[in-house]
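Participant: pasting a predicted model and its sequence here:
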Amino acid sequence: MNSQFFGNKLSSFQIIIIGFLSVILAGALLLMLPISSASGAVTPFKDALFTSTSAVCVTGLVVYDTATYWSLFGQAIILILIQLGGLGIISVIAFVATISGRRISLLERSMLQDTLSTHQIGGIVKLVSFVFKVVFAAELIGALIMMPVFIQYNGVSGIWLSIFHSVSALCNAGFDIMGSRTGPFSSLTFFADNPVIVLTICFLIVFGGIGFLTWDDIVTHRQHLHKYRMQSKVILVTTFILIVVPAVTLFFGEFGDHPFGERVLLSLFQSVTPRTAGFNTADLSLLSGPGRSLTIILMLIGGSPGSTAGGIKTTSIAVMFSNARAVFLRKKSATLFSRRLEEIAIRNAFTLLMLYVFLSITGAALISMMDHQPMGACLFETVSAIGTVGLSLGLTPHLGALSHVILILLMFLGRVGGMTMMYAALSTRNAEVSQFPVEKITVG
């Protein structure tokens, strides 16, 4: 990462995008190799690109079943791409530079600030080291917990299964390699009633989705919640609500023909995984209309800033609700935890929502027209793509090349972030400094 060259030519947002694009392209070329496929055949570039994009963008949408199509080498490449995408390309480069003893430049620290969504540049290198230690420790613990169950059903190959699914879950990727054992595209449906697998995967998903700064608060302040950053408090409360309320809704609205214990696990898992992991323990095509709608909303929301998850983020939802509450109560400012919110945060939250909804609907409409598929099913796939979720109604493998391109673009935008894309595309050098006269307009 030549910061002096990039510093004169590109902004930090543009460098982040180039980093993701470079890794995606390299991953696609590796996945094209005959050694990457189980059959030894060369994988078409468009399919390798789709898989690489989905892995780096930690989405989980696939054109081929991961377990049956890809060889062990191909699966290992996918897992590496997931890890790189989950941690962030710039973070990985900075971590390697740190352990090699190279000094991190100011521009590189600025890029890390954008990658990790921190509010200050001080201590950023220390935070990167902390993130890597926590990620690897959590992935190892998750793999060790699940290993006995996977070994019980799959023998020694259960070791690889536990490692792969632990990394995929913490990085909120949703890739699975159960297809050769429980049927193509089966995800974790075989373990729907297994509390060890279900609860461990749920924990890893939530842990990976709450954000690196929240981890820092938890480790530093433990049970002293009053010392947490306001953002961490918002994330934890919003995450709790977005797990409990959908789980209760799904428990009473879906899975009525399952035993009580399995029904609880199914409801909990389908509440957690849409934000934004992509695993499933139930056949999503059997969900009712309200169940699918709830899943789409959860996929759109996603995880939290500075995490392995996508979506418009939990903080955006909290900010929008706080602003709506202020409007209804006729308050001058939106507040959260006795703190006033910046106007820019409110504008960004609503802009992201508008951007994600517009792109999801537009993409779904184009796919529906080109491939003659139901609009509702197409919307499910596009929201899953832009939210970097990976849940599917089984539509993606049957779509045409142009529809796959649309999903690739949505996955990429969802991973690098809507604001990053806008800041990279629009130079701030020409930002408008003059102000026009105020004119009132009636809304609502």
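Facilitator: Done, it's in.
Participant: low-confidence ranges in the stretch 101-250 of the chain?
Facilitator: Counting by pLDDT under 70, the low-confidence segments of the stretch 101-250 of the chain come to 101-102, 104-108, 111, 113-117, 119-122.
Participant: and the helices in it, which stretches?
Facilitator: With DSSP state H, counting those that start in this stretch, the ranges of helices along the stretch 101-250 of the chain come out as 106-116, 124-154, 158-170, 179-182, 195-209, 212-221, 230-253.
Participant: pLDDT averaged over stretch 359-368 - what is it?
Facilitator: Taken as a whole, stretch 359-368 carries a mean pLDDT of 97.
Participant: list the buried residues of it.
Facilitator: Buried residues in stretch 359-368, counted by 16 or more other CB atoms under 10 Å: Leu359, Ser360, Gly363, Ala364, Ile367, Ser368. All C-beta atoms are positioned from the backbone trio N, CA, C, and that covers glycine.
Participant: kindly format the C-alpha coordinates of that stretch as CSV.
Facilitator: Provided in CSV are the C-alpha atoms of stretch 359-368 (Å, rounded to 0.1, in the frame of the first residue of the first chain):
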residue,chain,number,x,y,z
LEU,A,359,-31.5,0.4,-5.6
SER,A,360,-33.2,-2.7,-4.3
ILE,A,361,-36.5,-2.0,-6.0
THR,A,362,-34.8,-0.9,-9.2
GLY,A,363,-32.6,-3.9,-9.3
ALA,A,364,-35.6,-6.2,-8.5
ALA,A,365,-37.7,-4.6,-11.3
LEU,A,366,-34.9,-5.1,-13.9
ILE,A,367,-34.3,-8.7,-12.9
SER,A,368,-38.0,-9.4,-12.9
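Participant: got a list of contacts for it?
Facilitator: Stretch 359-368 is contacted from outside by 300, 373-375, 378-379, 381-383, 385-386, 399, 402-403, 406-407, 410, 413, using CB atoms under 8 Å, 6 or more residues apart in numbering.
Participant: residues touching the closest residue to Gly400 other than its chain neighbours, list them.
Facilitator: Sequence neighbours aside, Asp371 is the residue nearest to Gly400 in space, at 5.5 Å (criterion: CB to CB, 6 or more residues apart in numbering). By CB under 8 Å, 6+ apart, Asp371 lies in contact with Cys378, His398, Leu399, Gly400, Ser403.
Participant: how about a markdown table for the buried residues of stretch 359-368, with secondary structure added?
Facilitator: Converted to a markdown table, the buried residues of stretch 359-368 look like this (DSSP: H, G, I helix; E, B strand; the rest coil):
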| residue | secondary structure |
| --- | --- |
| Leu359 | helix |
| Ser360 | helix |
| Gly363 | helix |
| Ala364 | helix |
| Ile367 | helix |
| Ser368 | helix |
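Participant: how about those in a markdown table, adding distance to Phe207?
Facilitator: Putting those into a markdown table (distance: CB to CB, whole Å) gives the following:
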| residue | distance to Phe207 |
| --- | --- |
| Leu359 | 29 |
| Ser360 | 27 |
| Gly363 | 30 |
| Ala364 | 31 |
| Ile367 | 33 |
| Ser368 | 36 |
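Participant: right, and Val402 touches Met370 too?
Facilitator: Let me fix one detail, which is that residue 402 is Leu and not Val. Yes: taking contacts as CB atoms under 8 Å, Leu402 lies within contact range of Met370: 5.7 Å.
Participant: so the two - more neighbours on which side?
Facilitator: Shown here are Leu402 and Met370; by other CB atoms under 10 Å, Met370 has more neighbours (15 against 11).
Participant: ok so, going back, quick check: the farthest pair among the buried residues of stretch 359-368?
Facilitator: Based on CB to CB, the longest span within these runs between Leu359 and Ser368 and measures 14.6 Å.
Participant: now do the SS call for the residue nearest the centre of the chain.
Facilitator: The centroid of the chain falls nearest to Ala309 when counting by CA atoms, centre = their mean (2.8 Å). When classified by three-state DSSP, Ala309 comes out as coil.
Participant: mind starting the numbering at 452 from now?
Facilitator: That works, and once the first residue is 452, the last one we named lands at Ala760.
Participant: can you pull the phi/psi pair for it?
Facilitator: Ala760 adopts backbone torsions of phi -100, psi 160, taken as degrees, to the nearest 10.
Participant: contact partners for the closest residue to it other than its chain neighbours?
Facilitator: Counting by CB to CB, 6+ apart, Ala760 lies nearest to Gly754, which is 2.3 Å off, once chain neighbours are set aside. For Gly754, the contact set (CB under 8 Å, 6+ apart) comprises Asn623, Gly659, Gly660, Ile661, Gly662, Arg726, Thr727, Ala760, Gly761, Gly762, Lys764, Thr765.
Participant: kindly report the same for Leu844.
Facilitator: Leu844 makes contact with Leu735, Ser736, Ala828, Phe831, Glu832, according to CB under 8 Å, 6+ apart.
Participant: which of those residues are buried?
Facilitator: For the contacts of Leu844, a burial check counting by 16+ other CB under 10 Å picks out Leu735, Ala828, Phe831, Glu832.
Participant: how about those in a markdown table, adding pLDDT and secondary structure?
Facilitator: As requested, the buried ones among the contacts of Leu844 are exported to a markdown table (pLDDT from 0 to 100; DSSP: H, G, I helix; E, B strand; the rest coil):
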| residue | pLDDT | secondary structure |
| --- | --- | --- |
| Leu735 | 91 | helix |
| Ala828 | 94 | helix |
| Phe831 | 96 | helix |
| Glu832 | 96 | helix |
